[in-house]
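**Q** Sequence first, then the predicted structure:
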Amino acid sequence: MEHLAEAARFRRAVLRFNRRLRQERADGSLSPNQLSVLGHLYRHGPATPGEVAAAERQRPQSLTRVFAELAAEALIERAPDPSDGRQSLLSLTGAGRRALEADMAQRDAWLAKALGSLSETERGVLLLAAAVMERLGQTE
């Protein structure tokens with residue numbers, strides 16, 4: 001039971017922090033789904049729409065419009081999958097990489113300023129917590 005209460009408190013803190021980071025995004029910036037697709041392609045390289053959807057825990061049909069918007073803005077490219085001609089392969093374009101990096105830079109600037117208001121000890125605790133959160137994120 002003790003861990004359930006801790007988990008709920010942690011989840012609420014993470015949600016508040018994520019909400020605050022989203023507030024630092026400029027008007028007209030990429031949608032969360034667009035960011036997740038670009039981020040996936042950035043981290044993992046070219047992928048089929050089904051692979052991206054599965055990694056993001058969504059149905060491919062749910063991301064069809066997102067893929068089309070990103071392709072229309074030349075942020076991703078579609079090409080035939082060389083191993084299966086019935087599928088397409090999505091890849092990040094240079095413009096897509098720059099759009100993703102610009103979005104991350106806006107939030108990183110806010111975060112750097114916010115971290116500057118903390119003590120050295122508090123920043124150390126957050127660095128340790130970040131490592132633990134990375135490990136938790138990889139737990140099955």
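**A** Alright, I've got the coordinates. This structure is a prediction, so every number in the text was calculated from the model and none was measured.
**Q** What residue, apart from its backbone neighbours, is nearest the residue nearest the centre of the chain spatially?
**A** Nearest to the geometric centre of the chain sits residue 36, at 4.3 Å (CA atoms, centre = their mean). Counting by CB to CB, 6 or more residues apart in numbering, residue 36 lies nearest to residue 56, which is 5.1 Å off, once chain neighbours are set aside. Just so you know, the C-beta spots here come from the backbone N, C-alpha and C atoms, and that holds for glycine as well.
**Q** give me the number of residues near residue 117?
**A** For residue 117, the neighbour count with other CB atoms under 10 Å is 8.
**Q** should've said residue 65
**A** By other CB under 10 Å, 10 other residues sit near residue 65.
**Q** so what's it scoring on pLDDT?
**A** With respect to pLDDT, residue 65 has a value of 95.
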